[in-house]
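Novice: Here is a sequence with its predicted model. Questions after.
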Amino acid sequence: MNEVYIQEAQPEHADEIWKIIQTSFVGAHSRYVATGQAGYRIYLEERLRAKRSNTKILVIARIDKHVAAFADVTLNHEGANFLTRIAVAQEFRGKGVVRQMMRRIDEVYKSDCHWELDVLSTNTGAIKMYESLGFKTVSNRKWVGRLLPQRVSHQRSHDRVESEDVNYARYGFTNTWLQNRSISIAGTAVRCYDTSSFLDDVFLNQVQEKYPKIDRAFIILDVANKELYSCAEAFEIVRSHRMVGSF
């Protein structure tokens, strides 16, 4: 394989990065996350044009003038560097690009922090690669969902609701607060951060009132958590591992 060059992503790389995203972040979980929304393309372009923050960076690996991979990383946040997402173009997979890329990122953005990342349990190749670098799984998680009753809002139109949440209207995803509870919205799904919200039909009805397209809720829990066993409507979406290590 030819030499891998690492650099911060630029606006002209948007097309190739988006192509990688479309072929990488697929599966049952994709409808629940930002990268699964069509508006992520707009978000990506705007992020590439914006001035980079001191902690959040988007890096690409180039091989023969092609974008072979990209990594979205957060540095020095709450005592850790976090690998938010990383993906490799189909034609460059299995060639050690991720290994070279992350080691180079670690060298350029030197930090005493360890790295944390989440990886789907079905992505066995990535898990083995991280383990070969010395990463350890510190927790196993399950994504649990439930479908919500269909409802019709007679008070507010979809267009009006979306115009009130600029991020959701533009990108199809947003982070917000409702009734003093933190939630994330992506497409037609709302992510709850505690089981009380996930099981609260009144609260979820209020979410649907504000975001009429929402038809499901989900939460990410430790696999050993049994709080939802009594919820007949709950179903497992996917499982993931939180891994910790260094490159």
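Specialist: Structure's in. What do you need? Residues are numbered from 1 along each chain as shown.

Novice: When you work out contacts or count neighbours from here on, use the C-alpha atoms and nothing else.
Specialist: Noted.

Novice: quick one: the strands in the protein?
Specialist: Ranges of strands within the chain are 5-8, 56-63, 66-77, 80-88, 114-120, 136-147, 173-178, 181-186, 189-192, 216-222, 235-245, based on DSSP state E.

Novice: just those: most buried one?
Specialist: Highest mean neighbour count among these (mean count of other C-alpha atoms under 10 Å): strand 189-192, with a mean of 24.

Novice: Contact partners for residue 228?
Specialist: 195, 234 (C-alpha atoms under 8 Å, 6 or more residues apart in numbering).

Novice: what about the chain, any weak spots by pLDDT?
Specialist: Within the chain, the segments meeting pLDDT under 70 span 1, 151-163.

Novice: Would you map out the domains in it?
Specialist: 5-139, 142-242 (automatic domain parsing).

Novice: How far does the first one sit from its chain's centre?
Specialist: Going back to what we said before, that points to domain 5-139. Here domain 5-139 is found 10 Å from its chain centre; the criterion is C-alpha atoms, centre = their mean, to the nearest Å.

Novice: mind checking the end-to-end distance for it?
Specialist: Its first and final residues considered, domain 5-139 spans 33 Å by C-alpha to C-alpha, to the nearest Å.

Novice: Check the shortest one too.
Specialist: Criterion C-alpha to C-alpha; first-to-last residue distance in domain 142-242 is 11 Å.

Novice: same deal with stretch 202-220?
Specialist: The first and final residues of stretch 202-220 sit 21 Å from each other (C-alpha to C-alpha).

Novice: which parts of it are buried?
Specialist: 203-205, 207-220 (16 or more other C-alpha atoms under 10 Å).

Novice: Next: stretch 97-117.
Specialist: 97-98, 100-102, 104-106, 113-117.

Novice: quick revisit: which one, of the strands of the chain, ends up nearest to residue 33?
Specialist: Nearest of these to residue 33, taken as C-alpha to C-alpha: strand 181-186 at 5.6 Å.

Novice: Which neighbouring elements make contact with that closest one?
Specialist: Counting contacts by 3 or more C-alpha pairs under 8 Å, 6 or more residues apart in numbering; DSSP states H and E, strand 181-186 packs against strand 173-178, strand 189-192.

Novice: Adjacent strands (with direction) for it?
Specialist: strand 173-178 (antiparallel), strand 189-192 (antiparallel) (DSSP bridges).

Novice: Kindly export the shortest one (C-alpha atoms) in CSV.
Specialist: To tie it back to what came earlier, the one meant is strand 189-192. Extracted in CSV, the C-alpha atoms of strand 189-192 (Å, rounded to 0.1, in the frame of the first residue of the first chain):
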residue,chain,number,x,y,z
ALA,A,189,-36.3,8.6,17.3
VAL,A,190,-35.8,10.3,20.7
ARG,A,191,-32.9,9.1,22.9
CYS,A,192,-33.6,9.1,26.6
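
Novice: Adjust the sequence numbering to begin at 51 for everything that follows.
Specialist: OK, 51 is where the count begins now, so the last one is strand 239-242.

Novice: Need the contact partners of that strand.
Specialist: Outside of strand 239-242, the residues within contact range by C-alpha under 8 Å, 6+ apart are 81-82, 232-235, 248, 264-269.

Novice: 7 Å instead, please
Specialist: With C-alpha atoms under 7 Å, 6 or more residues apart in numbering as the test, strand 239-242 has contacts from 82, 233-235, 248, 264-269.

Novice: do the same with stretch 216-232
Specialist: With C-alpha under 7 Å, 6+ apart as the test, stretch 216-232 has contacts from 84, 87, 89-90, 92-93, 212-213, 233-237, 243.

Novice: Lovely, talk soon.
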